[in-house]
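1. I need the structure of the sequence given here:
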Amino acid sequence: MSSGTNGSSDSTTQEQSASLQTDIALLASLLSADTDETNDETNISELLRRLDTANGVASGVETRLDEILNHLDGLLGTLQSTADTGTTGHASTAAEDEEKEAKKEDP
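-> Numbers count the residues shown, from 1 in each chain. Here you go, the predicted structure:
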């Protein structure tokens, strides 16, 4: 992974995190905002509007969290395959392993 790719990925992750935090704050404010209790019908209408908006924000947050988790799964898979192959960059086959053992035994 080149540093340019890593920098771009870090920048995107930071932007997503900031956007996610903003959406969560908006969601919290929508759900906790007090309304004027002088007109019950208006209050119900306003409450339904806020709940609808909160639902849309929550769906967006859920989608972004799913994308982040999928990205992390991909990174974990890459790290796992790198760990499985060792430092050579490719997995050794049984034939390669046998050849290495034969060389060790036959000087």
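2. how far away is Ser19 from Leu26?
-> Distance, Ser19 to Leu26, using CB to CB, to the nearest Å: 11 Å. Placement of C-beta: from N, CA and C, glycine included.
3. which regions of the chain sit below the pLDDT cut-off?
-> 1-13, 33-39, 87-97, 100-107 (pLDDT under 70).
4. cutoff 90 now
-> 1-51, 53-54, 81-107 (pLDDT under 90).
5. can you give me the helices in it?
-> 3-32, 40-85, 94-105 (DSSP state H).
6. Any chance of a markdown table for those helices, columns mean neighbour count?
-> Converted to a markdown table, these look like this (neighbours: other CB atoms under 10 Å):
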| stretch | mean neighbour count |
| --- | --- |
| helix 3-32 | 12 |
| helix 40-85 | 12 |
| helix 94-105 | 10 |
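7. residues touching Leu27, list them.
-> Ala54, Val57, Ala58, Val61 (CB atoms under 8 Å, 6 or more residues apart in numbering).
8. ok, those vs Thr85, which is closest?
-> For those, the minimum distance to Thr85 (CB to CB) is 36.5 Å, reached by Val61.
9. Relative to Arg50, how far out is that closest one?
-> For Val61, the distance to Arg50 - CB to CB - is 16 Å.
10. Over to Thr85?
-> Using CB to CB, one gets 52 Å for the distance from Thr85 to Arg50.
11. Taking the contacts of Leu27, tell me the two that lie furthest apart.
-> Most distant of the contacts of Leu27, by CB to CB, are Ala54 and Val61, 10.2 Å apart.
12. just to revisit the earlier point, tabulate the contacts of Leu27 in CSV, adding columns for distance to Leu30.
-> CSV is the format used below for the contacts of Leu27 (distance: CB to CB, whole Å):
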residue, distance to Leu30
Ala54, 4
Val57, 7
Ala58, 10
Val61, 12
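13. Asp73: which of those residues is nearest?
-> The closest of those, once distances to Asp73 are taken by CB to CB, is Val61, at 18.6 Å.
14. Quick check: that closest one touching Asp23?
-> Yes: under the criterion of CB atoms under 8 Å, Val61 makes contact with Asp23 at 5.2 Å.
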